[in-house]
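**Q** Quick one: sequence plus predicted model below, questions after.
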Amino acid sequence: MSISKLLVANRGEIAARVLRTAKARGVATAVLRHASEQQGPAHLIADEVVTIEGPTPVAAYLDIPQIVEVAQKIGADAVHPGYGFLSENAAFVAALEEAGVTFVGPTSEVIDLMGDKVRARAFVEEHGFPVAPSAIEDDDPASFVERSRAVGYPLLIKPSAGGGGKGMRVVREDKALESEIETARREGERYFGDGRLFVERYIERPRHIEVQVMGDGQGNVVHFWERECSIQRRFQKIIEETPSPALSPEQRQEICDTAAGIARAVNYRGAGTVEFIYAQDGAFYFLEMNTRLQVEHPVTEMVTGFDLVAEQLRIAAGEGLSAVQDDIRQTGHSIELRICAEDATEDFRPAIGDILLLDEPEGEGVRVDSGILDGGKVTTDFDPMLSKLIVYGPDRAEAIARARHAVQNYVVLGVTTNTGYLDAILAHPDFASGDVSTGFLAEQAETLTASGEDVNDLLMAVAALSDERLVAEVMQIPEVHRRIGGWRN
Amino acid sequence: MRRIFQIADNEAECWLTHDGRSFILNTPDNALSCQLDPSGRPGGYVLKARRGVHELRLAVGPEATFVHMNGRTFEVGRVDPAERLAGRDGATGDDRLLAPMPGVVVSVAVKPGDVVTEGQPLLVIESMKLETTLTAPRDGVIAEMPFAEGDSFGLKDVLAQLAPEEE
């Protein structure tokens, strides 16, 4: 069941990235494009571009019947979903299966299981892997206080019906437990009309560490080591790296073996990522499993030398993995920066505009997975991520130095981006020492958005001298007046 | 020739003149002799100013000039002096909450006549899959909420209008 024609049901940088590998493997390629969408790099790479329709561009990319129909019509024998959109949609997988088209990814059963956070957690726990200690009141209300005590301190009380942080209480001492439970219950009733609670261990200054896994669906599962993704804003990662500066070799082996074990337990097929919460004391707990290629997969490729999309396509074609575990080694260090159209000084407000000038960095150890073209338009139709800058260095210090040099030379003019903010993170001493947690960006918000050296007079000179009308007007003024400094109209 | 530029949150006024040998950028407390020449790269220029030579890239947008210099990117907003003056009578910029980006109204928290305090949430908008809460820029009374829940709006549309402040 080899793949002769691949439809990439995605857009932007990930569509371009998948298409490049597919083409290199001699596979015919097609990609989607909504009628209102700007031309992007993917449209230049694909052999075929198919226009899709929908009330909004996003709706079109989520339209299962339409995309299945496209795959059939153009004779694609496989569909790669990228990330986001339909990549973790079991109904999409089932619809493709029915149409006789191969889905590049896991089975719909595994997507369903891992997509349900409660079932996934129970599955992982049943198989003996670590989950954060917790107690659910509904399981047995009479023993809730006792079971909460057994979770250990500090712990976090949450309303079962809750969300958005409302009604959450951190408890650090046993003597406060019962009164805090009652307070949380009252808050839950007030905010959500539901006083039921659950309790979980509160992890202080946690890190987010995840492990790339891959399985052939025939029982063979390997891991491609970990990624550290603690640099997050609005709960979304913006800098990822591998190896994690937090792990000792033994911890690294343990967390990676755990991830592979979880993937093995579901007889995983394709590329997946097991995410963990990592506590300052070295304990780690299963958070969730993403059943797709991740945005940050390139850092893994940089340090292992494997093309993860090529592995995905091999597995989908029934050729199996190209490597066994012992072949997969981490060498050097890699960092990814997500270049986003947003204003870091205004609470990461998304920015729009025309890309008036684009000059992306290149050089030794520099990779750019870009979703934009010079002259393009950044709209509110899609996610603000424009591209990814990935660097490789023989060690972490060199990788940081290269990342700084590359991001400083990433020229995107016409729309506000976060390049300066990313550089400020890389320059921060706590980032350099690797001493970060998922709260880092919030804790350091002021330092990271501080304006640098004041060059306002130079900027005004540039703005004035590049204003053709202004320059023409100034030059028209008779010579005698020009000589008088401070002339004004 | 007067110009008003906005860099970060600061507005600054300047005059460009020429003394026969070079351009002079005059600000209320400084005069900078300066020259801008193409460097040959797309959008590439060399700025010669008193403090030295700066290689840069620039692009002139409809409302701002974008500059990449010394590894950083800057946005220099061009403020129309006439528009700024016009805004001073009647509604000042302070009275209006302008849409920071196009989007859709998710919810509206206040109605005309409501007394609000600075920082109080007025409405929630959604754009690029992100929800943003817009808050009152100052204490005051709501004069107008032009958009209802579910309405789409464009960049810089007025999303909320406060009654003018009484002196």
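**A** That came in fine, so what should we check first?
**Q** rest of the way, CA atoms for contacts and neighbours
**A** OK.
**Q** Check chain B and tell me which residue is nearest its centre.
**A** Centroid check for chain B by Cα atoms, centre = their mean gives residue B:77 as the closest residue, at 5.9 Å.
**Q** Quick check: closest non-adjacent residue to it.
**A** Nearest residue to residue B:77, sequence neighbours excluded (Cα to Cα, 6 or more residues apart in numbering or on different chains): residue B:64, at 4.1 Å.
**Q** Quick check: that neighbour touching residue B:80?
**A** No: the criterion here is Cα atoms under 8 Å, and residue B:64 misses it with residue B:80 at 11.0 Å.
**Q** The two - which one has more neighbours?
**A** Set side by side, residue B:64 and residue B:80 show more neighbours around residue B:64, with 20 against 13, by other Cα atoms under 10 Å in any protein chain shown.
**Q** any idea how far residue B:157 is from the more buried one?
**A** 18 Å (Cα to Cα, to the nearest Å).
**Q** Which of the helices and strands in chain B ranks last by mean pLDDT?
**A** Least confident element among the helices and strands of chain B, by mean pLDDT, DSSP states H and E: helix B:81-86 (a mean of 59).
**Q** Can you name the element that comes right after that one?
**A** Using DSSP states H and E, the helix or strand that follows helix B:81-86 in sequence is strand B:96-98.
**Q** could you give the mean pLDDT of that following strand?
**A** For strand B:96-98, the mean pLDDT works out to 86.
**Q** Double-check that residue A:84 belongs to a helix.
**A** No: counting by DSSP: H, G, I helix; E, B strand; the rest coil, residue A:84 is not found in a helix; it is coil.
**Q** so where's chain B uncertain?
**A** Low-confidence segments of chain B (pLDDT under 70): B:51, B:81-94, B:128-130, B:166-167.
**Q** what about the closest residue to chain B within the stretch 51-200 of chain A, distance to residue A:234?
**A** For the stretch 51-200 of chain A and chain B, the shortest gap (Cα to the nearest Cα) falls at residue A:58, measuring 10.1 Å. Separation of residue A:58 from residue A:234 (Cα to Cα): 21 Å.
**Q** who's in contact with the residue nearest to residue B:77?
**A** Going by Cα atoms under 8 Å, 6 or more residues apart in numbering or on different chains, residue B:64 touches B:75-78.
**Q** can I see the domain layout of the chain?
**A** Looking at chain A here, since you left the chain open. A:5-104, A:133-201, A:207-468 (automatic domain parsing).
**Q** hmm, I had chain B in mind actually
**A** Annotated domains of chain B cover B:3-83, B:92-160 [automatic domain parsing].
**Q** Need the ones you listed in CSV (columns: distance to residue A:105).
**A** Below are the domains of chain B laid out as CSV (distance: least, Cα to Cα, whole Å):
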stretch, distance to residue A:105
domain B:3-83, 40
domain B:92-160, 25
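**Q** of these, which approaches residue A:318 most closely?
**A** domain B:92-160 (36.8 Å; Cα to Cα).
**Q** Wait, residue A:400 touches residue A:424, no?
**A** No: assessed by Cα under 8 Å, residue A:400 is found out of contact with residue A:424, at 11.6 Å.
**Q** So for these two, which sits in the more crowded spot?
**A** residue A:400 (22 against 18).
**Q** Can you tell me the centre-most residue of chain A?
**A** The centroid of chain A falls nearest to residue A:295 when counting by Cα atoms, centre = their mean (4.5 Å).
**Q** wait, what's in contact with the closest residue to it other than its chain neighbours?
**A** Excluding the flanking residues, the one nearest residue A:295 by Cα to Cα, 6+ apart is residue A:83, at 7.0 Å. Counting by Cα under 8 Å, 6+ apart, residue A:83 touches A:10, A:14, A:292-295.
**Q** rewinding a little: neighbour count: residue A:58 and residue A:234, which is higher?
**A** residue A:58 (15 against 11).
**Q** The residue nearest to the centre of chain B belongs to a helix?
**A** No: Residue B:77 sits outside any helix when classified using three-state DSSP, being strand.
**Q** Give the residue spans of chain A that score low on pLDDT.
**A** A:162-166, A:477-489.
**Q** top strand in it by residue count?
**A** strand A:221-233 (DSSP state E).
**Q** and the gap between residue B:15 and residue A:455?
**A** For residue B:15, the distance to residue A:455 - Cα to Cα - is 17 Å.
**Q** Compare the two (neighbour count), which wins?
**A** Counted by other Cα under 10 Å, residue B:15 and residue A:455 do not tie: residue B:15 has more neighbours, with 24 against 11.
**Q** Which residue, other than its chain neighbours, is closest to that one?
**A** What sits nearest to residue B:15 in space, not counting adjacent residues and going by Cα to Cα, 6+ apart, is residue B:2, at 4.5 Å.
**Q** before we move on, what about residue A:331?
**A** Spatial nearest neighbour of residue A:331, excluding adjacent residues (Cα to Cα, 6+ apart): residue A:303 at 5.0 Å.
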